[in-house]
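J.: Sequence plus predicted model, see below.
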Amino acid sequence: MVQTDLTQLNRECSSWKEHLRNYRSELSDFRQRLQEAVSHPINKNDMPQVDHYHNQFDIQLSNINHLKHSIKEHERIASWELNNRNGNVSDATWAAHENLHDQYQSLEHTLLDLKEEFSSFVSRIG
């Protein structure tokens, strides 16, 4: 049972990291699209939105990196506990896993909203 739970923990962490890598790549693509959009004349009223998206891409890239680091640290702790605590992972580690899951879902929701808003913005100005 413990091995199954730990396998699930590792599988979830790997999935989160893979999705975060994809989101990071997507944000880099968005940054490029924003650069291309502002290389053409745009309405000065749209400039605050350009700044907003530029800032949001930086903030969300930072959030992605922070969460990926937290997930990797969490995996190291779970692995250490498994090897040094008779194959058991502490309740605190399981609670941390749930907390990371919540953080992942929150960030994912933010990124999906940002993607939708940015796509609409680029369509409108482009």
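T.: Nice, I can see it.
J.: Which strands and helices lie in contact with the lowest-mean-pLDDT helix or strand in the chain?
T.: Within the chain, judged by mean pLDDT, DSSP states H and E, the helix or strand with the poorest mean is helix 2-38; its value is a mean of 91. In terms of contact count using 3 or more C-beta pairs under 8 Å, 6 or more residues apart in numbering; DSSP states H and E, helix 2-38 is assigned the packing partners helix 47-84, helix 91-125. C-beta coordinates here come from the backbone N, C-alpha and C atoms, glycine included.
J.: quick one: secondary structure of the residue at the greatest distance from the centre of the chain?
T.: Here the centre of the chain is the reference, and by C-alpha atoms, centre = their mean the most remote residue is residue 86, at 32.9 Å. The local conformation at residue 86, judged by DSSP: H, G, I helix; E, B strand; the rest coil, is coil.
J.: can you pull the contacts of residue 34?
T.: For residue 34, the set of contacting residues under the criterion of C-beta atoms under 8 Å, 6 or more residues apart in numbering consists of 50, 53-54, 57, 118, 122.
J.: let's see 6 Å
T.: Listed by C-beta atoms under 6 Å, 6 or more residues apart in numbering, the contact partners of residue 34 are residue 53.
J.: Over to residue 71?
T.: Going by C-beta under 6 Å, 6+ apart, the list of residues near residue 71 reads 13, 16-17, 100.
J.: before we move on, what about residue 104?
T.: The neighbours of residue 104, taking C-beta under 6 Å, 6+ apart as the test, are residue 16.
J.: that older thread, tell me the pLDDT of the residue farthest from the centre of the chain.
T.: Per-residue confidence for residue 86 comes out at a pLDDT of 82.
J.: Okay, it and residue 52: tell me how far apart.
T.: In this view, residue 86 and residue 52 are 52 Å apart by C-beta to C-beta, to the nearest Å.
J.: go on, residue 69?
T.: Separation of residue 69 from residue 52 (C-beta to C-beta) stands at 26 Å.
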